[in-house]
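Sequence and predicted structure, then a few things I'm wondering about:
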Amino acid sequence: MNAYAPILVLGGLGAGFAIFSVVMASLTGPKRYNRAKLDAYECGIEPTPQPAGGGRFPIKYYLTAMLFIVFDIEIVFLYPWAVTFDALGLFGLVEMLLFVLTVFVAYAYVWRRGGLEWD
Amino acid sequence: MSATAAAVHSLWTTRALADTAATPAIPTPHIEYAQLSPVLIVFGAAVLGVLIEAFAPRAARYAGQLAVSVVGLAAAFAALVALAADGYAQGRSHVAAMGAVAVDGPALFLQGTIVLIALVATFTFAERRLDPVAHGNRVDSFAAQGSAVPGGEQEQKAVRAGFTTTEVFPLLLFAVAGMMIFPAADDLLTLFVSLEVFSLPLYLLCALARRRRLMSQEASVKYFLLGAFSSAILLFGIALLYGYAGTVSYGGIADVVDGTAKLTPALANTTGNDALLLIGGAMVVMGLLFKVAAVPFHMWTPDVYQGAPTPVTGFMAAAVKVAAFGALLRLLYVVLPGMRWDWRPVMWGVAIVTMVVGAIIAVTQTDVKRLLAYSSIAHAGFLLTGVIAVSPSGVSSVLFYLVAYSFVTLGGFAVVTLVRDAGGEATHLSKWAGLGRRSPLLAAVFAVFLLSFAGIPLTAGFSGKFAVFKAAAQGGAVPLVVVGVISSAIAAFFYIRVIVMMFFQEPQPQGPTVAIPSPLTSTAIALGVAVTLVLGVAPQYFLDLAGKAGVFVR
Amino acid sequence: MNPANYLYLSALLFTIGAAGVLIRRNAIIVFMCVELMLNACNLAFVTFSRLHGNLDGQIIAFFTMVVAAAEVVVGLAIIVTFFRSRHSASVDDADLMKL
Amino acid sequence: MDPLIGALVGAPLLGAGILLVGGRRLDRTGHWIGCLWAAVSFVIGVVLFADLLSRSPAQRTLTSHLFTWVPVAGFQADVGFQLDQLSMTFVLLITGVGTLIHIYSVGYMEHDENRRKFFGYLNLFLAAMLLLVLADNYLLLYVGWEGVGLASYLLIGFWQHKPSAATAAKKAFLVNRVGDMGLSIAIMVMFTTFGSFAFRPVFAHVGDVSQGRLTTIGLLLLLAACGKSAQVPLQSWLGDAMEGPTPVSALIHAATMVTAGVYLVVRSGAIFNAAPTAQLAVCVVGAVTLVFGAIVGCAKDDIKKALAGSTMSQIGYMMLAAGLGPIGYVFAIMHLVTHGFFKAGLFLGAGSVMHGMNDEVDMRRFGALRTYMPVTFVTFGLGYLAIIGFPGLSGYWSKDKIIEAAFAKGGTEGWTLGAVALVGAGITAFYMTRVMLMTFFGDKRWQPDAEGHEPHPHESPKIMTIPMSILAFGSVFAGGLFSINSAFLKWLQPVTGHSDGHSPVATWEITVATLVVLILGVGLAWQSYGRQAVPAVAPRGSLLTRAARRDLLQDDFNHVVLVRGGEHLTRSLVYLDHTVVDGAVNGTAAGVGGLSGRLRRLQNGFVRSYAVSMLGGTAVLVAATLLMRGV
């Protein structure tokens, strides 16, 4: 049972905070609704897209998403290095610089070939 | 409360082990740049290629890319030769980059083969004389704009503007670099990463055909989905092997399998469970068998070979097989020799099924590219017989066979690019009827390649098959050799059938024409013929070379 | 808690992914199932890492994530071009080449 | 010096490679490249010759082991060369005459658009022929043997747009296959008998083997020699082979390739010496062909075919000599060399005549050409005198020796063979005089060619006449030079061995008899073709003449016996084949095909079913691995 205690504590804390926030907001905040506010929030695009042309997303959306993923994921290598920066010394620095440089080459390609332009 | 806090803490930390208490000292890693230089040169050339794509004006890209690729590959080959001359192929071979990459005979031999294949493939990639001139621009085998919808307005615009996908060169180089690491990988992580490094560019290259783009894209989708599926299975196998041995380095796993490793309590617990080893090993081997196109993991091969642009097909058929067989050899000979009594019978089965199925299905094929695809499947079976030998001569015979096979394959697919009609390449076999009348030289060259595939004496194919079967027979796999010879006979049937078709049938009235290639493709074909004949007539030197390069470092 | 349970979970996820690849028609979903398989592998790696008390497994998980991301990028690009030329992402429509 | 031996073969091979791969861009220079590599090969040959001469006779055998081709325990196929006096003689003949003919062809083939290809094939031929004579084992010799066959096939059919040339090439190829079959079976028997096919071990162990085996091998080798050297009964292809360009006829079908059979017999002397039956068979074949070819030569009106008959006949002499054993080996080779000179010269002369006469070959349409083509006339005339054995010229020295050796065999055989050889000499004098008279003397019987062009005979360019002159020089002096102090005999003796034999007839008697026969032959020819005008249309002629015009009915014989008989045999075999063999073969083929069709259906194009197969395969793989551990 002891093993599950932390989970229970964490769950309790989380639930408490959620209930507290919602209740407090409804009690104290002003109540002026509009359409945008009533919509569910989904990363800034319409949650139920129904544009002309059969409900397809523009290709740009995927492109941006893919670019985001591929550049975002590089952090995963930077983080462990940052933690052990001292221990790895100059070797680590040089290697990481090379790594980042390579990522920048990819960035340069994307940028020059218009991958970052929305239109 | 403090007990609870510690327990919460343990959710995201691991308890420090006794011997690494306090701040664990990380030994400063080091990388032997000189020994890795061949791979690094190719990677460097690839990155340079990306920069050319980014900054060079469109008109200058083709020449720039071609120059960078050729120079990079040539430099890499020079570096490989220098390493071999320095004795890294024999006495000085060791494991570089903190146990990630082996620098030894088989690795250098296979890397050299891959680099040469890539060099020849670069020539076929750069061929611009085959397709008719479109809107005043010479075009190659690749799509004007890969992202444009086939037949759409954007594509026509791209064609009119004379766009070409010069990205194929850096993609090729990335793939080559991955393939160079693949047979040299000395831990499972490097194996997996290099697998993906060479696979991902290939998926893209498959989709970039200029003609028949729907088929090309379909090939790409199939290759990608199945390839991703197989690499997921391979990765799970790696996970299980890691679970069994507590390490992913080849030497470490081999020690655990042999029972010579120092047992920690955790290890004692997992090594008791052979299922982890057996299942994991089988799954990793499956991932490699997928790449070499062994039955029953072969089904992607004909579809992808047919759909992909022919230069890419030639490159894939040759280089992937070399890289994957290299990795398979290292895995089975370095990591798993301790359990060869388990995998040898299984591989027997795979080899037999592969040879027989490859040869039999090929009999009824009507498309040249699919025919060559099935032939490559059958050849994978022949190569597997050499792998099964588990002897030094097994290694050297497979190395030799790979060289013989790959250049013939490259040449064969290069010939396919030359036979064309209005719709691009005329790959249907019926159109090849009477080619010997129309273009005797080309038909004769193709006949030489086919004879080599069939393993007729005085060709490279014969020397290779002979070496492999000999090694297998000496290794006690005589029944396997018998099956091999029978399926060779079946295979010879359809190779000869094509030759008969070319020389003894009347040409069709609306038959294809044979394009006059530039020196690029001619070089590729001539090299294929030269290797076929040299390895067929005087194989001894190369057999010796392969024999000298046949010792793995551990 | 017995680490074997994590392994069972991982095997379960892997199987679900594999089954998805075989059953689903939409290329994107097939692909998501492959990603699920990769993540099942990650779970196994991390569990074994904990079991053996070394960090190798966790490092491998990092690499797997990066590789998976690269695969996503390549895969989505391929599937999107495929979809655009056929107006269908069903893998069963990809049967121009057979026999 | 040893690597030079390889270079000897390599040079023309390289030339062939360059010319055949080089493509059209070499069209303008290709012929000179071809000549260059032939000449390089000749120079290397001369260097090696000088090297051999500088050694003592016992040490004039150089070997060069290139590599082991197929290394298996108990079966070792090496690629190695052996250069001794015998090979050296051939090397000089092949490269020397070859180079001259290359140069001649530059002029002869000047207007042919495929001249580059022609020179490529010629180089290929040189390489194959050199390989044949330099091989140190029968297997490699076989490679060269097939190589010259290939080159010959390609060159006979060089003008493949002519149906007759294509047919002739096919015929040569087929007939040669019969002989090649003999050689390949001989090699197999040899291997089972001696466990090797290298010359040295085979010849060293001849004594340990039963007579029957040796006779079998000898007869099979004879069959091979018959095919390549156009000996009865496999001679029918040579006449048709004249469809090829004339330089080819000169080089391949007169001077070198067709003598390969003689080389084979002489080289295998050790085997034949121990198998008298086979030896006698060689003699008989040689004697029969000698007369056969001579008779055919008498009746042909086509100048090249007449010469082809003569070639057959002269090779018959060589075979006869080779069959005599140590008495005759040296003279066979000596006649081979002198024949190489004068026959090549004669063919080149014939080519020169054709060159000036709109490619006309019918001698009945020649006549009186001696004033129009003085150089050709003189060189051809010298060749003529040499071949009929005019005293002092090359043919006299070598042919008389063969006749003498035939008598020296002794017994009835000796008398018979000697008499046949003597009669052959007479017929030779007759038909060669006939050729000479019909071509260069008498009245003009020129006729316009098919397109109505009147012939304007003219001397050929220097590039053609110079090689002809050099060959004529050889025709005159070679035999004499060889005979000074028995130089040739001493040179070859260490390889072939020699014994003098005891001739029942004195040398001077033979010389006189030969001269008498010679004069008879020439006189008869003068009577028929010199004094009387030659009719422009061939008269009906006697039965023998008519038969001879049809190659003594060889083709008809072949047709009746082999083709018809073959058809019957085939028909019955076909029946057997259909019912029994086909049942099995077709059953297998259909089985494979059916299986193929069924398996093929698994490849249904659906990614998902491929994935099922992969996953299923993995499951089987895993299960099998686990099972193995379980077992």
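Happy to help now that I have it.

tell me the phi and psi of the closest residue to B:Asp131 other than its chain neighbours?
Nearest non-adjacent residue to B:Asp131, counting by CB to CB, 6 or more residues apart in numbering or on different chains: B:Val139, 4.9 Å away. Backbone N, C-alpha and C define where each C-beta goes, glycine included. With angles defined as degrees, to the nearest 10, B:Val139 sits at phi -130, psi 150.

Could you pull up the contacting residues of the residue nearest to the spatial centre of chain B?
In chain B, the centroid-proximal residue (CA atoms, centre = their mean) is B:Val320; its distance is 0.8 Å. B:Val320 makes contacts with B:179, B:198, B:202, B:291-292, as judged by CB atoms under 8 Å, 6 or more residues apart in numbering or on different chains.

Out of these, give me the one that has the most neighbours.
Greatest neighbour count in these, by other CB atoms under 10 Å in any protein chain shown, goes to B:Met179: 34 neighbours.

Let me know the helix or strand that that residue is in.
Element membership for B:Met179 (DSSP states H and E) is helix B:168-181.

if you average pLDDT over that helix, what comes out?
Mean per-residue pLDDT for helix B:168-181: 96.

same check, this time on stretch C:28-40
On average, stretch C:28-40 scores 92.

Now do the spatially closest residue to B:Ala318 that is not a sequence neighbour against B:Ser452, distance only.
With CB to CB, 6+ apart as the criterion, B:Ala318 has its nearest non-adjacent residue at 3.7 Å, and that residue is B:Ser406. B:Ser406 is 12 Å from B:Ser452, where distance means CB to CB, to the nearest Å.

count of neighbours near the residue nearest to B:Asp131?
The tally of other residues near B:Val139 (other CB under 10 Å) stands at 20.

Wait, it touches B:Phe163, no?
No: between B:Val139 and B:Phe163 there is no contact under CB atoms under 8 Å: 9.4 Å.

where does the chain dip in pLDDT?
Here I'm looking at chain A. Residue ranges of chain A with pLDDT under 70: A:1-3, A:39-57, A:119.

Let me rephrase: I mean chain B.
By pLDDT under 70, the weakly predicted segments of chain B are B:1-25.

Compare B:Ser406 and B:Ser452 and say which one has the larger neighbour count.
Counting neighbours by other CB under 10 Å for B:Ser406 and for B:Ser452 shows that B:Ser452 has the greater number, 32 against 26.

where's the more buried one relative to B:Pro337, distance?
With CB to CB as the criterion, B:Ser452 and B:Pro337 are 32 Å apart.

re earlier: just the CA atoms from the helix holding B:Met179 would do, formatted as PDB, please.
In PDB, the C-alpha atoms belonging to helix B:168-181 read as follows (Å, rounded to 0.1, in the frame of the first residue of the first chain):
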ATOM      1  CA  VAL B 168      18.600  12.900 -55.100                       C
ATOM      2  CA  PHE B 169      22.300  13.300 -54.800                       C
ATOM      3  CA  PRO B 170      22.500  14.300 -51.200                       C
ATOM      4  CA  LEU B 171      19.800  11.700 -50.500                       C
ATOM      5  CA  LEU B 172      21.900   9.100 -52.200                       C
ATOM      6  CA  LEU B 173      24.900  10.200 -50.100                       C
ATOM      7  CA  PHE B 174      23.000  10.000 -46.800                       C
ATOM      8  CA  ALA B 175      21.900   6.500 -47.700                       C
ATOM      9  CA  VAL B 176      25.400   5.500 -48.600                       C
ATOM     10  CA  ALA B 177      26.800   6.800 -45.300                       C
ATOM     11  CA  GLY B 178      24.100   4.800 -43.500                       C
ATOM     12  CA  MET B 179      24.900   1.700 -45.500                       C
ATOM     13  CA  MET B 180      28.600   2.200 -44.700                       C
ATOM     14  CA  ILE B 181      27.900   2.200 -41.000                       C
END
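
Quick one: distance of that helix to the chain centre.
Distance of helix B:168-181 from the chain centroid (CA atoms, centre = their mean, to the nearest Å) equals 11 Å.
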